[in-house]
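Peer 1: A predicted structure for the sequence below; I have some questions about it.
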Amino acid sequence: MIRNKWRLHAILILSLVMVLGGALVMAQSSPPPPRLFITQTDASSPPTMELQVYGLTSQGDALDFASAPLSLKHNGLPIISYEVAAPREVGTLTIFLIDIPEGTSAQFAAIADAINGYATAPTMKEQVDAVAVYEVGANTAQQLLAPTEFYNSVRNLFATPLTASTGSTALIDSIGGLLQQSDSLKPDPAMSVHMVVMSDGTDAVSTQFQPAAVASLAADLGIPIHTILLNNTGLSAGGQQLGQDYLAATASAARGLAIKLENTGDLPILWSRIVGFRQQAIIRYTLPDLQGGRFPVELSLTDQPEVAATTDIIVPTNMPSVVINLPEGSRSLTLPNLDKPVNLRFTTTITWLDGSQRQVAAAQLVVNGVPQDIPLNSLDDFTVPVANLGFGENSIQVAILDEQGMRATSPVISLALSQGQRDVPAELSGGSGIWGTLGRILLTAVVLAIVLAGGFFIYRQGWLANLPLRVGKGRRRGREPQITYETMDEEGPRVLARLHVLEAQTRMPVEIGLTQPRLRIGRSPAQADLAFENDLTMSRLHATLMLEGVHYRIFDEGSTSGTWVNDQQIPEYGAQLMDGDEIHLGAVHLRYYQP
């Protein structure tokens, strides 16, 4: 008993010396500088380039790119004009590291409540944000929950109460090891990472990292360490204070916040700090003389040029470029109402960076994110009825696919629509006024006259006398769309596309043929045509597939966990499905096939 007591005292003394030394070192250091990150580049809308970025201030807040003075260089040359567009939802990974010796057992329930509280709407956004949970181990962190994007995974972890760790634990080595492997833990490489350390702040056995080193590593990586102090009844008041000092100093040096678990009112402040990084800024710039190749890009703060992020942007030499030819002065119109689709005219110019001319295999006009096909024979000058305009700003793009399979999207044009007396610029006018209406009536009359004359001629020639009368016995197709992909199941209906069930709790066929224009998917057989009755992560009516042209479009029906296509949550106007797309409905995983 005496030997154990002296051993405990020795460990405690060593812990306090390490803690105090680390705290003193960090207390003397200056706040870390801001950090910038370029998480993604996009050259698919030449000559416009796009960067996806986020940043941290010295205090660890999300950097506001709309107000921050920025400097941008492309291939070493400064970009004078750039646009900070609407942010994009990317998500965050929050790594919880819990240190649970016997002396903290009275707070085990509060630890579970705090983490469960974070993994709840509206704080964490399911299937956007991710959470991982680790426990401080003897020499490295021990995984309790791998990164997950689902609330129930966190709930299930804490359904079994926590048990105290036994033996010595290495807090500092556990933090440092997690920092080093943080990139490999991210479900999405573009995610920002935050670490939340819940501990009494003492450490007896770490040898791989010095106390101050983990904060320096976190600052260099741009990973804030937030610390939550636990009360340990096995420590003296002085030991408690030294542990608190170490956690506070670590958080300060790593751009994080430090709070006490007992101060539950401070938790929403911490969660709000993390949530502020869910969205990342989009920066667009246009190159007047675009060329193909790999080019370095640098983004920095104008007043702190040493705070910079660099990456390469790749522009294929055979990349197509499509531009909508609409002058700035013609990008606004006025309409009395939006009861009917509006005929709008657009002209485009399509070129290839290598100077070659190629065929365009497919083209779409994308209005407010909703695509509609464009006739290829009139791509340079076309008029289409647009049904999804709204009063205010509308985004317009043209997307093309060339014969090589290369895709390109025109730079976004913002079309301002006001309500009032009709006023449409000549460049946009698609013949929706009175003269256009009269023209369509006259054209219809001419066509009808030709048809009647042809019919009368055939009748007079007697060609109908020997024509057998055939009446189809099948169901009238009415106004169903014409489908180019027609696979006939033997003695069965036409299969338009197929769903392969990759993951589901409900016993289902591996392959499901789509034979109808609308298919409702959900958990309830009463509401869904395709029901996954045993999959509790799916809503009763989760999503609907609607046939549009030759492809299906998927819409979310207000489900709890959302509908995801290729790891992107679909917007309220749905998403067009293409061959090979992967669909997640809760934990149900499907793959869409339409050759």
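Peer 2: Cool, got the structure.

Peer 1: Could you identify the helix or strand that succeeds the helix or strand bottoming out on mean pLDDT in the chain?
Peer 2: Every helix and strand of the chain was ranked by mean pLDDT, DSSP states H and E. The lowest is strand 487-488, at a mean of 37. Using DSSP states H and E, the next helix or strand after strand 487-488 towards the C-terminus is strand 494-495.

Peer 1: What pairs with whichever helix or strand comes after that following strand, parallel or antiparallel?
Peer 2: For strand 494-495, the following helix or strand on the C-terminal side (DSSP H and E) is strand 497-503. The strands that strand 497-503 pairs with in its sheet are strand 511-514 (antiparallel), strand 588-593 (antiparallel) (by DSSP bridges).

Peer 1: Tell me the buried residues in the last one?
Peer 2: Under the neighbour-count criterion of 16 or more other C-beta atoms under 10 Å, strand 588-593 has 588, 590, 592-593 buried. In short, each C-beta sits where N, CA and C put it, glycine included.

Peer 1: Rebuild those as a markdown table, extending it with distance to S410.
Peer 2: Written out in a markdown table, the entries for the buried residues of strand 588-593 read as follows (distance: C-beta to C-beta, whole Å):
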| residue | distance to S410 |
| --- | --- |
| V588 | 36 |
| L590 | 32 |
| Y592 | 27 |
| Y593 | 30 |
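
Peer 1: Quick check: I98 touching A110?
Peer 2: No: I98 is not in contact with A110 according to C-beta atoms under 8 Å; the separation is 11.2 Å.

Peer 1: Which of these two has more residues huddled nearby?
Peer 2: A side-by-side neighbour count of I98 and A110, using other C-beta atoms under 10 Å, places I98 first with 24 against 16.

Peer 1: Next one, pLDDT for the more buried one please.
Peer 2: At I98, the predicted lDDT confidence score is 97.

Peer 1: the helices in this structure, which residues?
Peer 2: 2-27, 108-118, 151-157, 171-180, 182-185, 213-221, 237-253, 267-275, 434-461 (DSSP state H).

Peer 1: tell me the mean pLDDT over the shortest one?
Peer 2: Just to be clear, that refers to helix 182-185. 94.

Peer 1: The closest residue to A86 other than its chain neighbours: how many residues sit nearby?
Peer 2: Setting aside the residues directly before and after it, A86 is nearest to I282 in space (C-beta to C-beta, 6 or more residues apart in numbering), at 6.7 Å. Neighbour count of I282, defined by other C-beta under 10 Å: 18.

Peer 1: Renumber starting at 23 from here on
Peer 2: Right, with 23 as the first residue, what we last looked at is I304.

Peer 1: Would you mind confirming that I304 makes contact with P109?
Peer 2: Yes: contact status for I304 versus P109: in contact at 6.5 Å, counting by C-beta under 8 Å.

Peer 1: got a list of what the residue lying closest to I422 once chain neighbours are set aside touches?
Peer 2: The spatially closest residue to I422, leaving aside those adjacent along the chain, is A385, at 4.8 Å (C-beta to C-beta, 6+ apart). With contacts defined as C-beta atoms under 8 Å, 6 or more residues apart in numbering, A385 is in contact with 395-396, 398, 401, 420-423.

Peer 1: hmm, back to that, for the residue nearest to A108, list each beta-bridge partner.
Peer 2: When assigned by DSSP bridges, I304 has beta-bridge partners Q74, A107.

Peer 1: Give me the pLDDT for it.
Peer 2: 94.
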